[in-house]
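In: Would you be able to build a 3D model of this:
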Amino acid sequence: MEDGLKIDYLGWSGFHIHNHKDINVFIDPPRKTSFMNGENIIFISHGHPEHLGGTLDYVKDKSSQQPTTIIASKNVCSYLKHHCQRDYVNFINVRSLERRILTPTISFEAFKWSHMPLLPPGIGAALGHLWQLIKGYRTAWRIIKMSLGGPFGAGEMLGYVLKFKNDQNIIIYGEGLHRNCNLKDVKAIGDKAKGSTLLVAAEPEDSEELPDLINTSGAQRVILYEPHGLWRDIFKLPHIDLKALKNTLTKGGIKAEIAHKI
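Out: Below you'll find the model as predicted:
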């Protein structure tokens, strides 16, 4: 992006947005994320373990004390604050439609979304999905236990419209852009920052609807990733064809790329 603004994929739904100077913005950093020296700003979309793990480890770590701002729902902020052992951490509880100016070059607006469905459409496909989860019940139980150990409830599902200097805008849905979305809602969010970079969590069950949703968003650039690819491998569930989705978007005039973990 302009002025050296770079977006690195960290795995799961995690991203690091930076310019190697004074901006270190993290989105849902997963476990084993390497945080930067200097000020870190962390946005969390919701309290599921794969979205919360990196930040939870970070706030428990007393070995470094760089100033940090964490933006999340009230539930998630309360949970992290309870476990925090660091100094210089500022927790900002936000709700949908709330706007904040964080620095002279970074501001944001939060919006609410609904989580992508657990099961695919159709009775047969849903039963097949459930059967794979049952066969991998040991792993499924570990995932459930991780969720039970987190905040009481995942908190409000929050997306963010991030605005940087020189109209460099990034829209983050977390896992909220899917077949059950209303196109009018997607357009309204896109209108807040036209020509943005859109981070898209893509699953195979939404492959037919995603091109229309992305086009409706008004995004100029799209970064595609599969948020639960590891779990799909474990449970032997189908993967989305990100290359095919990228080609469809490119033919429609949208600059699309596939995120690769750094």
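In: Show me where the stretch 151-262 of the chain has its helices.
Out: With DSSP state H, counting those that start in this stretch as the criterion, the stretch 151-262 of the chain has helices at 183-190, 210-217, 229-234, 242-251.
In: Deepest-packed of those, please.
Out: Of all the helices of the stretch 151-262 of the chain, helix 210-217 has the most neighbours on average by mean count of other C-beta atoms under 10 Å, namely a mean of 20. Every C-beta, even on glycine, is put in place using the N, C-alpha and C of the backbone.
In: quick one, it and helix 183-190 angle?
Out: On the basis of axes from the mean of the first three to the mean of the last three C-alpha atoms, to 10 degrees, helix 210-217 is oriented at 50 degrees to helix 183-190.
In: Now do helix 210-217: which elements does it pack against?
Out: Contact partners of helix 210-217 among helices and strands, from 3 or more C-beta pairs under 8 Å, 6 or more residues apart in numbering; DSSP states H and E: helix 183-190, strand 197-201, helix 242-251.
In: partners of the shortest one in the sheet?
Out: Within its sheet, strand 197-201 is paired with strand 168-172 (parallel), strand 221-225 (parallel), according to DSSP bridges.
In: What residues does the closest residue to residue 218 other than its chain neighbours make contact with?
Out: Nearest residue to residue 218, sequence neighbours excluded (C-beta to C-beta, 6 or more residues apart in numbering): residue 190, at 3.9 Å. Going by C-beta atoms under 8 Å, 6 or more residues apart in numbering, residue 190 touches 171, 196, 198, 216, 217, 218, 219.
In: between the residues you listed, which is nearest residue 9?
Out: residue 198 (14.0 Å; C-beta to C-beta).
In: For the residue lying closest to the closest one once chain neighbours are set aside, give its distance to residue 254.
Out: Of all residues not flanking residue 198 in the chain, residue 219 sits nearest, at 3.7 Å (C-beta to C-beta, 6+ apart). Here residue 219 is placed at a distance of 7 Å from residue 254 (C-beta to C-beta, to the nearest Å).
In: neighbour count winner among those two?
Out: More crowded of residue 219 and residue 254, by other C-beta atoms under 10 Å: residue 219, with 27 against 19.
In: so what's the residue positioned nearest the centre of the chain closest to, chain neighbours aside?
Out: Central residue of the chain (C-alpha atoms, centre = their mean): residue 174, 3.2 Å from the mean position. Excluding the flanking residues, the one nearest residue 174 by C-beta to C-beta, 6+ apart is residue 45, at 3.3 Å.
In: The one you found and residue 158 touch, don't they?
Out: Yes: with contact defined as C-beta atoms under 8 Å, residue 45 counts as touching residue 158 (5.6 Å).
In: what do these two both touch?
Out: Listed as contacting both residue 45 and residue 158 by C-beta under 8 Å, 6+ apart are residue 174.
In: More neighbours: those two, which one.
Out: Neighbour count, other C-beta under 10 Å: between residue 45 and residue 158, residue 45 has more, with 29 against 25.
In: among the strands paired with strand 197-201, which is nearest residue 75?
Out: strand 168-172 (18.6 Å).
In: Got phi/psi on the residue nearest to the centre of the chain?
Out: phi 60, psi -120 (degrees, to the nearest 10).
In: Kindly report the same for residue 150.
Out: Dihedral pair for residue 150: phi -90, psi -160, per degrees, to the nearest 10.
In: That one - how many residues pack around it?
Out: Residue neighbour count, defined by other C-beta under 10 Å, stands at 21 for residue 150.
In: Which pLDDT value belongs to it?
Out: pLDDT for residue 150: 72.
In: residues in contact with it?
Out: Contacts of residue 150 by C-beta under 8 Å, 6+ apart are 47, 48, 49, 52, 79.
In: Noted, bye for now.
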